[in-house]
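Colleague: The amino acid sequence is not available; the structure is as follows:
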């Protein structure tokens with residue numbers, strides 16, 4: 001039987017987090033890079049537990065000013081270190097709250113760059129594997145992210161975005177470019 005895991009990026013300061021948590025099956029919780037701190041992580045984990053939503057880590061570039069959406073360049077060992085640090089920060093809060101973490105899903109530009117950059121994809125997947133969290137969300141159209149997740153011993157889940165436009169190579173159109181964000185009619189049409 002095929003199933004759909006509807007996930008959302010949470011713990012990022014939205015006033016509607018509780019409403020969103022009520023309709024998703026997985027929550028990707030910001031863990032200090034692009035957004036989030038111990039308090040927002042705790043609040044998001046508590047909501048996930050209350051709604052029976054699977055909680056996961058949502059590490060991003062350490063770029064609060066740009067909300068993790070700017071293209072930044074770090075050596076792979078630094079990427080592996082800051083991604084692991086963010087995951088471990090969420091794991092510590094989750095342990096105190098008694099909420100298990102099920103998955104890792106990179107955020108924003110880190111995610112988008114890992115779709116194209118094998119060394120970056122490997123560093124992020126290795127950080128997830130180092131953390132002991134065995135499930136990894138990666139772009140379904142990207143062989144790179146999912147291949148590196150498998151190589152790191154993770155169970156990969158190919159992710160699709162209903163509200164985003166796709167380039168011919170299967171990557172997401174960059175935000176700000178025409179066709180990157182779809183309205184309801186266009187999202188339904190791309191089915």
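Modeller: Yep, it's here. All values derive from a computational prediction rather than experimental measurement. Numbering: from 1, shown residues only.
Colleague: so where do the strands sit in this protein?
Modeller: If you assign secondary structure with DSSP state E, the strands in the chain sit at 7-10, 26-30, 54-58, 101-104, 135-139, 155-159.
Colleague: right, so of the ones you listed, which gets closest to residue 39?
Modeller: Of all the strands of the chain, the one in closest proximity to residue 39, counting by CB to CB, is strand 26-30 (11.7 Å). The way it works is simple: take the backbone N, C-alpha and C, and place the C-beta from them, glycine included.
Colleague: Now do that closest one: which elements does it pack against?
Modeller: The criterion is 3 or more CB pairs under 8 Å, 6 or more residues apart in numbering; DSSP states H and E, and the helices and strands that strand 26-30 contacts are strand 7-10, helix 38-51, strand 54-58, strand 101-104.
Colleague: For it, what is the distance to the chain centroid?
Modeller: A distance of 7 Å separates the centroid of the chain from that of strand 26-30, by CA atoms, centre = their mean, to the nearest Å.
Colleague: same deal with stretch 174-189?
Modeller: Distance of stretch 174-189 from its chain centroid, counting by CA atoms, centre = their mean, is 20 Å.
Colleague: coming back round to it: now mean neighbour count too, for the strands of the chain, in TSV please.
Modeller: TSV is the format used below for the strands of the chain (neighbours: other CB atoms under 10 Å):
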stretch	mean neighbour count
strand 7-10	22
strand 26-30	26
strand 54-58	27
strand 101-104	23
strand 135-139	24
strand 155-159	16
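Colleague: one step back: indicate which one of the helices and strands packed on strand 26-30 is closest to residue 189.
Modeller: Per CB to CB, nearest to residue 189 of these: strand 7-10, 22.2 Å.
Colleague: Mind giving me the packing neighbours of the closest one?
Modeller: With contacts defined as 3+ CB pairs under 8 Å, 6+ apart, strand 7-10 has these neighbours: helix 17-21, strand 26-30, strand 54-58.
Colleague: make it 7 Å
Modeller: helix 17-21, strand 26-30 (3 or more CB pairs under 7 Å, 6 or more residues apart in numbering; DSSP states H and E).
Colleague: any chance of the ones you listed in JSON lines, with distance to residue 121 and mean pLDDT too?
Modeller: Formatted as JSON lines, the helices and strands packed on strand 7-10 follow (distance: least, CB to CB, whole Å; pLDDT from 0 to 100):
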{"stretch": "helix 17-21", "distance to residue 121": "28", "mean pLDDT": "95"}
{"stretch": "strand 26-30", "distance to residue 121": "17", "mean pLDDT": "97"}
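Colleague: Ok, which of those comes nearest residue 161?
Modeller: Minimum separation from residue 161 across those (CB to CB) falls at strand 26-30, 12.7 Å.
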